[in-house]
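>>> Quick one: sequence and predicted model below, then my questions.
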Amino acid sequence: MSQPLDLTQLALNIKQWGTTLGFQHVGIADTDLSASEPALQAWLEKQYHGEMAWMARHGMMRARPHELLPGTLRVISVRMNYLPAGAAFASTLNNPRLGYVSRYALGRDYHKLLRNRLKKLGEMIQTHCAALNFRPFVDSAPLLERPLAEKAGLGWTGKHSLILSRDAGSFFFLGELLIDLPLPVDGPVEEQCGRCVACMTTCPTGAIVEPYVVDARRCISYLTIELDGSIPEALRPLIGNRIYGCDDCQLICPWNRFSQLTDEDDFAPRKALHAPPLTELFAWSEATFLKVTEGSAIRRIGHLRWSRNIAVALGNAPWDEKYIHALSARLGEHELLDEHIHWAIAQQIAKRDACAIEVQPAKTRRLIRAVEKGLPRDA
């Protein structure tokens, strides 16, 4: 006669197995997210999701894990650190001639890595419970991962809406494993933001409209990654040299003094993406873009949006005649890109005039006059 399954011991084993698989924290939560539904509904009604139609399409399913995997009783929530050594935040952000890529995207795409590890964890559990049904998720389904992580004790929700850990800050990825075992659950930790509003006041575009609420339509991560079309003109100067995502609300957070570096080689920065000159990036052909971003989260935005973002950064950079040449050389490729190029050129010309730069090579003078008059570049 087989022995009954010791769920308490299994939960302890799961946490140990998770550690061996490279997760820095493993917690267990129940599936009741009903307390999160009113805030989710209010966020959607205010259109804070912008053009992310899938957020509204799935509605309250995001707060109901059992609808994703019928029979789900528990969610195993995991954390994996991604901050690389030598992240070079300040040296890149403070040099407007370089392109800043959010630190999470400098290496290999985390989705497959975490999902594969979660799948292995599920298989390890199955060796002790053959009848187990499980399904791993890493940003791959309508699931409120942050409230689940909070319930599982991985941290608390900061005012920037990200999960914070007193031991690890916020530079980490989250993943979930849905299972149909009634494992003992972990409890939430106490929120420790206090009166601090540093993340809210430092946001370049004022996207954190109230504590714990982000209007994605103003968020630089949304504007440079999720938005398909034109970036609103009023927000372009605020983006600076951030060409893919933004880390400002995390950088200012006092709890990130305790951030832990990753030991995952896949998260090491790719040289071509780590503080590259804007002109170098803007010169990439689509083939070069696809080659450099192979296996990277960046690839999903495509060459057009990548170029759009860099055009905005070039417009925000200090006056330099080579930027006029670089921007003008790509006019005519696509209507969306042309719009942002023309804006960037206008910004550069305004900076030239503001600096009273009078001595320029004849070729540059002719080029600028042609652009100002709307003539072809070879006129």
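Structure's in. What do you need? Residues are numbered from 1 along each chain as shown.

>>> Can you pull the domain assignment for this structure?
7-83+106-179, 277-379 (automatic domain parsing).

>>> Distance to D266, mean neighbour count and mean pLDDT added to those domains, as CSV?
Yep, even glycine has a C-beta here, placed from its N, CA and C like the rest. Output for the domains of the chain, formatted as CSV (distance: least, CB to CB, whole Å; neighbours: other CB atoms under 10 Å; pLDDT from 0 to 100):
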stretch, distance to D266, mean neighbour count, mean pLDDT
domain 7-83+106-179, 4, 19, 94
domain 277-379, 9, 16, 86
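
>>> Just put these in JSON lines and tack on distance to L238.
Below are the domains of the chain laid out as JSON lines (distance: least, CB to CB, whole Å):
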{"stretch": "domain 7-83+106-179", "distance to L238": "16"}
{"stretch": "domain 277-379", "distance to L238": "9"}
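
>>> can you tell which of those domains is closest to T201?
Of all these, it is domain 7-83+106-179 that lies closest to T201, at 10.3 Å by CB to CB.

>>> Compute the first-to-last residue distance for that closest one.
Terminal residues of domain 7-83+106-179 lie 13 Å apart, using CA to CA, to the nearest Å.

>>> Then stretch 70-78?
Using CA to CA, one end of stretch 70-78 lies 21 Å from the other.

>>> just how off-centre is that stretch within its chain?
On the basis of CA atoms, centre = their mean, to the nearest Å, stretch 70-78 sits 24 Å off its chain's mean C-alpha point.

>>> ok, now stretch 175-192?
The answer for stretch 175-192 is 24 Å, by CA atoms, centre = their mean.

>>> And for stretch 94-105?
13 Å.

>>> Can I get stretch 323-342 as PDB, trimmed to CA atoms?
Output of stretch 323-342 as PDB, limited to C-alpha atoms (Å, rounded to 0.1, in the frame of the first residue of the first chain):
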ATOM      1  CA  TYR A 323      23.300  63.200 -37.000                       C
ATOM      2  CA  ILE A 324      21.800  65.300 -39.800                       C
ATOM      3  CA  HIS A 325      23.600  63.100 -42.300                       C
ATOM      4  CA  ALA A 326      22.700  59.900 -40.600                       C
ATOM      5  CA  LEU A 327      19.000  60.800 -40.300                       C
ATOM      6  CA  SER A 328      18.600  62.100 -43.800                       C
ATOM      7  CA  ALA A 329      20.200  59.000 -45.300                       C
ATOM      8  CA  ARG A 330      17.300  56.900 -44.200                       C
ATOM      9  CA  LEU A 331      14.500  59.100 -45.400                       C
ATOM     10  CA  GLY A 332      12.000  57.400 -47.700                       C
ATOM     11  CA  GLU A 333      12.200  53.900 -46.100                       C
ATOM     12  CA  HIS A 334       8.900  54.000 -44.300                       C
ATOM     13  CA  GLU A 335       6.300  56.600 -43.500                       C
ATOM     14  CA  LEU A 336       6.400  56.000 -39.800                       C
ATOM     15  CA  LEU A 337      10.200  56.300 -39.700                       C
ATOM     16  CA  ASP A 338      10.100  59.400 -41.900                       C
ATOM     17  CA  GLU A 339       7.800  61.200 -39.400                       C
ATOM     18  CA  HIS A 340      10.300  60.600 -36.600                       C
ATOM     19  CA  ILE A 341      13.300  61.400 -38.700                       C
ATOM     20  CA  HIS A 342      11.800  64.800 -39.700                       C
END
